[in-house]
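# compute the structure for the input listed below.
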Amino acid sequence: MFDWKLSSERLIFMDIYLKKYKVSNSDFAKQLFFEIKSEELNFTPPFEKSIINLLNFQFNAYKNNLENYTNLSNYLIYSNNNLVGRLIFVVEQANLHIVELSILKKFRRNNIGKKTLQYIQKKYEKVGSFSLYVRKNNPFIEFYKKLEFEIISEDEINYFMKLKKSSYKKEL
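Numbering: from 1, shown residues only. Here you go, the predicted structure:
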């Protein structure tokens, strides 16, 4: 199992660490949001003004929704001292629900998302279940399936996924 250490400011695993999100990081959050949403919606830069307006509107709505939830754990993900992503989750009623796990495109395929989920699973191993919603057009559905999240239900837009019980005690 991986060796995580807790320090006063961050959780550290080798070259990856998490720092609490601050309002001063909103420019990075917006950059990450634009990158992820443009991938989901198949938009290619340079963006037309109407697409920029749409993404700005969606980002502001998303940001306002997050600000209304005081029990969220909101972290920035760093790797080799580079700000590479964001993790947001909430623990309620014996369930850890991942609200967001996003990694900038140029830092993907380095196991950063996987190691981050391993940490969360280990730190919250006493939680009864791990879940997330993922949009049906999200290109990372297969990533979650590889990590043994399974689709439990769906609506017109999202899949609701849970980590298989058999995965709780083993490394992701």
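
# can we go C-alpha only for contacts and neighbour counts from here?
Fine.

# hang on, Ile16 packs against Ile77?
Yes. Look at Ile16 against Ile77 with C-alpha atoms under 8 Å: they come within range, at 7.1 Å.

# neighbour-wise, which of those two wins?
In this view Ile16 and Ile77 are compared by other C-alpha atoms under 10 Å, and Ile77 has more residues nearby, 26 against 21.

# list the beta-bridge partners for the more buried one.
Leu18, Gly85 (DSSP bridges).

# now Ile103
For Ile103, the beta-bridge partners are Gly85 (DSSP bridges).

# so who does it touch?
Listed by C-alpha atoms under 8 Å, 6 or more residues apart in numbering, the contact set of Ile103 reads 32, 84-86, 112-113.

# Phe57 in helix, strand or coil?
Three-state assignment for Phe57 (DSSP: H, G, I helix; E, B strand; the rest coil): helix.

# and for it, the neighbour number?
The burial count assigned to Phe57 is 12, neighbours taken as other C-alpha under 10 Å.

# which one of the contacts of Ile103 sits closest to Tyr21?
When those are compared for distance to Tyr21 (C-alpha to C-alpha), Arg86 wins out at 8.3 Å.

# ok, now how distant is the residue nearest to Asn80 when sequence neighbours are not counted from Leu117?
If the residues on either side of it in the chain are set aside, Asn80 comes closest to Asp15, at 5.2 Å by C-alpha to C-alpha, 6 or more residues apart in numbering. Distance of Asp15 to Leu117, computed by C-alpha to C-alpha, to the nearest Å: 15 Å.

# for Asn60, same thing?
Counting by C-alpha to C-alpha - Asn60 and Leu117 are separated by 27 Å.

# who's in contact with the residue most central in space within the chain?
Note on the chain: the residue nearest the mean C-alpha position is Leu101, at 0.8 Å, using C-alpha atoms, centre = their mean. Leu101 is in contact with 85-88, 113, counting by C-alpha under 8 Å, 6+ apart.

# perfect, that will be all.
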